[in-house]
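*Asks:* coords please:
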Amino acid sequence: MKRTYVVAMTGASGAVYSVRLLEVLLAAGADVYLSISAAAATVLEQELGLAIDLDNFSPADLRLDAGANLKDPKLQAVRSQAGISSELSSVLAVASGEPGRLFYCHYRDQAAPIASGSFLTDGMVICPCSGGTLSAIVHGASANLIHRAAEVHLKERRRLVLVPRETPLSTIYIDNMRHAAAAGAVMLPASPGFYHGVKTIGDLVDFVVGRVCDQLGIANSLIQRWGQ
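*Replies:* Residues are numbered from 1 along each chain as shown. Below you'll find the predicted structure:
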């Protein structure tokens with residue numbers, strides 16, 4: 001049965017984590033409903049040089065179908081674990097039922113499917129999760145689709161993974177994380193480990209993305225696990 005996840009990008013540093021997460025989820029055969037805040041679009045351009053038009057979004061804006069991905073051994077392993085052929089020309093330009101499809105939801109579109117609990121998903125990830133987004137979620141101050149979708153996942157008791165990257169942390173931020181965890185969210189800070197044979201920045205990114213995938217039940221070999 002095809003899995004469906006919501007991925008939201010908000011205005012904290014660490015845009016590379018979210019782009020890599022999308023690559024992995026799509027390669028694993030999951031459908032993804034993506035929402036990007038205005039602040040996240042600014043971070044994507046500043047950190048990755050990606051110019052995102054939120055009103056006329058195209059998957060190509062995130063370069064998810066770049067040819068280099070086809071030679072990525074970790075993505076090939078994810079496809080293999082999901083029973084998906086590695087001979088595909090793109091993780092996006094394929095028929096339904098193989099690699100996942102990407103659906104875009106404007107962050108101001110409160111009529112999007114993910115705004116309702118009746119729209120079934122297998123979980124949601126906010127990566128990276130800004131302090132403002134975290135605060136809006138824990139205090140029920142829903143001001144956009146991302147906040148609302150997170151609220152839906154909490155009330156429906158579905159998996160909600162929040163990936164903050166802020167450091168150092170104020171007591172307000174720490175209290176907000178505690179409240180989010182108490183409400184059922186998984187707090188998964190972007191704090192990569194160094195015990196898995198790190199050679200590149202990509203290895204550090206994959207550590208965090210792999211841990212997110214573990215929480216979503218996505219089989220992956222993005223890192224060498226402890227004891228292996």
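*Asks:* lowest average confidence, helix or strand, in the chain?
*Replies:* One helix or strand of the chain scores below all others by mean pLDDT, DSSP states H and E: helix 73-81, with a mean of 86.
*Asks:* the strands in this protein, which residues?
*Replies:* Under the criterion DSSP state E, strands of the chain are mapped to 4-9, 31-36, 102-104, 124-126, 160-162, 186-187.
*Asks:* any chance of those in JSON lines, plus distance to Asp61 and mean pLDDT?
*Replies:* All C-beta atoms are positioned from the backbone trio N, CA, C, and that covers glycine. Formatted as JSON lines, those follow (distance: least, C-beta to C-beta, whole Å; pLDDT from 0 to 100):
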{"stretch": "strand 4-9", "distance to Asp61": "12", "mean pLDDT": "98"}
{"stretch": "strand 31-36", "distance to Asp61": "10", "mean pLDDT": "98"}
{"stretch": "strand 102-104", "distance to Asp61": "10", "mean pLDDT": "97"}
{"stretch": "strand 124-126", "distance to Asp61": "19", "mean pLDDT": "98"}
{"stretch": "strand 160-162", "distance to Asp61": "24", "mean pLDDT": "98"}
{"stretch": "strand 186-187", "distance to Asp61": "28", "mean pLDDT": "98"}
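*Asks:* and those strands, which is most packed in?
*Replies:* Mean neighbour count (mean count of other C-beta atoms under 10 Å) peaks for strand 124-126 among the strands of the chain, with a mean of 29.
*Asks:* Which strands border it, and is each parallel or antiparallel?
*Replies:* strand 4-9 (parallel), strand 160-162 (parallel) (DSSP bridges).
*Asks:* With respect to Val43, which of the strands of the chain lies nearest?
*Replies:* Among the strands of the chain, the nearest to Val43 by C-beta to C-beta is strand 4-9 (7.9 Å).
*Asks:* low-scoring stretches of this protein, by residue?
*Replies:* 65-70, 85-97 (pLDDT under 70).
*Asks:* in it, which spans are helices?
*Replies:* For the chain, the helices defined by DSSP state H occupy 15-27, 38-48, 73-81, 131-138, 145-155, 171-183, 201-216.
*Asks:* Ala112: which of those helices is closest?
*Replies:* helix 145-155 (5.7 Å).
*Asks:* Might you quantify the distance of the least confident helix or strand of the chain from its chain's geometric centre?
*Replies:* Distance of helix 73-81 from its chain centroid, counting by C-alpha atoms, centre = their mean, to the nearest Å, is 18 Å.
*Asks:* Stretch 219-228 now?
*Replies:* 19 Å.
*Asks:* Show residues contacting that stretch.
*Replies:* Contacts to stretch 219-228, defined as C-beta atoms under 8 Å, 6 or more residues apart in numbering, come from residues 24, 28, 74, 77-78, 81-82, 193, 195-197, 203, 206-207, 209-210, 213-214.
*Asks:* Having no further points to raise, I will conclude here.
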